[in-house]
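Novice: after the sequence you'll find the predicted model.
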Amino acid sequence: MKQIIRRTVLDAAKKAFEKGALPSDQTPNMEVEEPRHSSHGDLSTNFAMVSASVQKMPPRKIAERLVSYIEIGGLIEKVEVAGPGFINFFLSNKAWQPVVDEILEQDKSYGNSDVGKKEKVQVEFVSSNPTGPLHVGHGRGAAVGDSVGNILSFAGFDVQKEYYINDSGRQIRTLGTSVRLRLLQKAGKNIDFPDDCYQGDYIKDLADLILEKEGDAFINKDEKEAIAFCAKFAAEIILQGIKEDLTNFGVTFDQWFSEQSLYDSGRVQKAIDDFKSKDMIYEKDEALWFRTTDFGDEKDRVVVRNNGLATYFASDIAYHVEKFERGFQRVIDVWGADHHGYIKRINAIVVASGRKSEQFQVILVQLVNLLRGGKPFQMSTRAGEFVTLKEIVDEVGKDAARFMFLSRSYDSGLDFDLEVAKQKNSENPVYYVQYVHARITGILLKAKQENLIQDIDFKKGEHLNLLNAEEEVSLLKILHTFRENVEKSALELHPHVIFNYLMNLAAAFHGYYNRHKVITDDREQTLARLSLVLGVKKVIRNGLTLLGVSAPERM
RNA sequence: GCCCCCGUAGCUCAGUGGAUAGAGCAUAGGAUUCCUAAUCCUUGUGCGCAAGUUCGAUUCUUGCCGGGGGCACCA
């Protein structure tokens, strides 16, 4: 619809220029948008204001001249010049009614788009170390990453979702040490458990598991060997748990990428050698440094320490080089806000390896404040007292948790109140939206029982020209904007745009439901309304799907 | 000290270079013989402060103030 208005305005401008009413045929970038107030029309453009300088005329005058070249009739009922020079279009209901047919025909693909132009994009998220279970913060990152991936796909990008497994390096060794010490304690040895080991009870459980499977034979094994064994064993079990938690959270990945594989394949060494030969990596104080300062970082960063051990940065270099070699045009990393200091150094790698800075983006997800009944939960990873994602999902459910995580922009910290997430009323937004879906299903079932429709899922609207009630027209308009909201959400990488859209649509539907009966004695009107609500149902489902939330038939 | 995010209604947060800045919660009152009341309707107050860019700034820039998070040859 906005495109139609845009073309109308441009055509009128061209005509006005040809007839000499406007001095210039230049048409600067204009906006076509829905005004805040319905008294300002259905759609409005600032064309006259942005044209003021090229036309060398006051905006209102431009607008008035232009308007006389716009044809009234058909979809456009009235055009007005208002305020500083806005051109306001008042549209016929006929402009909006066909959207229902479009939804019913396109069904699950309604709202999709080709703005992505098949651009190959990778979204990497969660990527937590397999040294402990996922906690709440990972949950927010998982919900954001998964939804961003879904939304990008729907908007026409070629998306791959990936989890980077940090299965190498010091933390894994610490994991091995932690498990081994717990094992020795179980075997009756009197050993202090150091602070820098993982404190959680799950370490003890892992020790039990090893005892069960391997017996106590290897307690006397060589320390190095035992640590390596424990590390590998524990990491595998923990990763298994992570995968399970994510599956239960509705999060799926196209690929699980092992950090260790970068060492095993020699890619880390190769990346270091390559950058060395380009003098991007140099030696100082017996360590290897990357010249990240050449790319805006505050200081150069160590790649290999003077003790010969590679830092995590070394594998990050190899990994990000490798990502682009796989053919991605754009790489998006989802990180917790506490990692923001890493952006510059990874960006340095990307630019140093010949890519454009814009090809690498980081979604920084701010922290989650977990509350219960308004009171903060104490969380400390050090003491091993953290609330896991699994506990959250078990308590409030996948749908409520995901919807809550996506309810706000990830640029802001999020208060997550477990009690609110469990409530079954309007304080809990997930039910508000899901209820629309369930309510409509109920209506359609009733209509089917009364033989008004053959099937509760039909492909063609009927008597759409009867949809003229104020609430119906406003629903039609909202349905109409689904695609542009998907596109906005994709281009801005902001899933909460979809959240807001769904809340809006849900509110409009509930309002409509309370004021109008869908099934009435008027058969034609009933069929028109059934078509409309089926359209609403499908759009609600499509939107919820993008957020990874289910659309229940019954509640 | 430096870097990142945030500062909008009593609370939690949306939003926009433009015409009268929104929602939920909270408060108070009301709606169900009828498709699910997990719903709806009615009821007020606000863009942290100061300069700059602009025809126009809550939105962009800078500075300040306030909150959160980071600043290792740790991840």
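Specialist: Nice, I can see it. Residues are numbered from 1 along each chain as shown, chains lettered A, B, ... in the order given.
Novice: stretch A:297-307 near RNA strand B at all?
Specialist: Yes. Using CB under 7 Å from any atom of the strand, we find that stretch A:297-307 touches RNA strand B at A:298, A:302, A:305, A:306, A:307. (Glycine included, C-beta is placed from N, CA and C.)
Novice: buried ones among those residues?
Specialist: Neighbour-count burial within the residues of stretch A:297-307 next to RNA strand B applies to residue A:302; the criterion is 16 or more other CB atoms under 10 Å.
Novice: next secondary structure after the lowest-mean-pLDDT helix or strand in chain A?
Specialist: Within chain A, no helix or strand scores below strand A:375-376, which has a mean of 78 by mean pLDDT, DSSP states H and E. Once strand A:375-376 ends, the next helix or strand along the chain (criterion: DSSP states H and E) is helix A:389-396.
Novice: who does that next one touch, helix- and strand-wise?
Specialist: Packed against helix A:389-396 by the contact rule (3 or more CB pairs under 8 Å, 6 or more residues apart in numbering; DSSP states H and E) you find helix A:136-154, helix A:223-248, helix A:398-405, helix A:418-422.
Novice: least reliable of the ones you listed going by mean pLDDT?
Specialist: Per-stretch mean pLDDT for the helices and strands packed on helix A:389-396 is lowest at helix A:418-422 (a mean of 86).
Novice: what's in contact with that helix?
Specialist: Identification of contacts with helix A:418-422 by CB atoms under 8 Å, 6 or more residues apart in numbering yields A:370-374, A:392, A:395-396, A:400-401, A:404, A:427-428.
Novice: quick revisit: pipe the helices and strands packed on helix A:389-396 into JSON lines and attach distance to residue A:363 and mean neighbour count per row.
Specialist: Listed next are the helices and strands packed on helix A:389-396 as JSON lines, based on distance: least, CB to CB, whole Å; neighbours: other CB atoms under 10 Å:
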{"stretch": "helix A:136-154", "distance to residue A:363": "6", "mean neighbour count": "26"}
{"stretch": "helix A:223-248", "distance to residue A:363": "18", "mean neighbour count": "17"}
{"stretch": "helix A:398-405", "distance to residue A:363": "13", "mean neighbour count": "25"}
{"stretch": "helix A:418-422", "distance to residue A:363": "23", "mean neighbour count": "18"}
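Novice: quick one: is the least confident helix or strand of chain A near RNA strand B?
Specialist: No. Remark: strand A:375-376 sits outside contact range of RNA strand B, by CB under 7 Å from any atom of the strand, the gap being at least 11.2 Å.
Novice: what does stretch A:339-348 give?
Specialist: Yes. Against RNA strand B, stretch A:339-348 shows contacts by CB under 7 Å from any atom of the strand at A:339, A:340, A:341, A:342.
Novice: measure the closest residue to residue A:407 other than its chain neighbours to residue A:548 for me?
Specialist: Leaving aside its sequence neighbours, residue A:407 sits nearest to residue A:499 (CB to CB, 6 or more residues apart in numbering; 5.4 Å). In this view, residue A:499 and residue A:548 are 12 Å apart by CB to CB, to the nearest Å.
Novice: looking at those two, which is more packed in?
Specialist: Each of residue A:499 and residue A:548 has its neighbours counted (other CB atoms under 10 Å); residue A:499 has more, 27 against 24.
Novice: tabulate the CA atom coordinates of the helix or strand harbouring the more buried one in CSV.
Specialist: Assigned by DSSP H and E, residue A:499 belongs to helix A:496-515. C-alpha atoms of helix A:496-515 as CSV (Å, rounded to 0.1, in the frame of the first residue of the first chain):
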residue,chain,number,x,y,z
HIS,A,496,11.3,-7.4,19.9
VAL,A,497,9.8,-5.6,16.9
ILE,A,498,7.8,-8.8,16.3
PHE,A,499,6.9,-9.0,19.9
ASN,A,500,5.5,-5.5,19.8
TYR,A,501,3.6,-6.2,16.6
LEU,A,502,2.0,-9.3,18.1
MET,A,503,0.9,-7.4,21.2
ASN,A,504,-0.6,-4.8,19.0
LEU,A,505,-2.5,-7.3,16.9
ALA,A,506,-3.6,-9.2,19.9
ALA,A,507,-5.0,-6.1,21.6
ALA,A,508,-6.9,-5.1,18.4
PHE,A,509,-8.3,-8.6,18.2
HIS,A,510,-9.4,-8.8,21.8
GLY,A,511,-11.1,-5.4,21.4
TYR,A,512,-12.9,-6.5,18.3
TYR,A,513,-14.0,-9.8,19.9
ASN,A,514,-15.5,-8.0,22.8
ARG,A,515,-17.5,-5.6,20.7
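Novice: is it true that residue A:479 touches residue A:97?
Specialist: No. With contact defined as CB atoms under 8 Å, residue A:479 does not count as touching residue A:97 (10.4 Å).
Novice: I'd like to know which of the residues of stretch A:339-348 next to RNA strand B are buried.
Specialist: residue A:342.
Novice: which of the residues of stretch A:339-348 next to RNA strand B lies closest to RNA strand B?
Specialist: Among the residues of stretch A:339-348 next to RNA strand B, residue A:341 lies closest to RNA strand B (CB to the nearest atom of the strand), at 3.6 Å.
Novice: show me what contacts that closest one?
Specialist: Counting by CB under 8 Å, 6+ apart, residue A:341 touches no other residue.
Novice: do you know how far it is from residue A:131?
Specialist: On the measure of CB to CB, residue A:341 and residue A:131 end up 21 Å apart.
Novice: kindly report the same for residue A:57.
Specialist: Applying CB to CB to residue A:57 and residue A:131 gives a distance of 68 Å.
Novice: who has more neighbours out of the two?
Specialist: Using other CB under 10 Å, the more surrounded residue of residue A:57 and residue A:131 is residue A:131, with 23 against 19.
Novice: hang on, isn't the more buried one packed against residue A:171?
Specialist: Yes. Residue A:131 is in contact with residue A:171 according to CB under 8 Å; the separation is 5.2 Å.
Novice: how close does the residue minimising distance to the centre of chain A sit to RNA strand B?
Specialist: For chain A, the residue lying nearest the average C-alpha position, counting by CA atoms, centre = their mean, turns out to be residue A:148 (2.7 Å). Residue A:148 sits 15 Å away from RNA strand B, going by CB to the nearest atom of the strand, to the nearest Å.
Novice: what's the answer for residue A:138, then?
Specialist: Applying CB to the nearest atom of the strand, the value for residue A:138 to RNA strand B is 13 Å.
Novice: now do residue A:48
Specialist: Per CB to the nearest atom of the strand, residue A:48 is found 9 Å from RNA strand B.
Novice: tell me where the model's unsure across chain A.
Specialist: Chain A contains residues with pLDDT under 70 at A:217-218, A:378-385, A:426.
Novice: right, and the residue nearest to the centre of chain A touches residue A:332 too?
Specialist: Yes. Using CB under 8 Å, residue A:148 makes contact with residue A:332 at a distance of 7.1 Å.
Novice: need the residues touching each of the two.
Specialist: In contact with both residue A:148 and residue A:332: A:123, A:363, A:493, using CB under 8 Å, 6+ apart.
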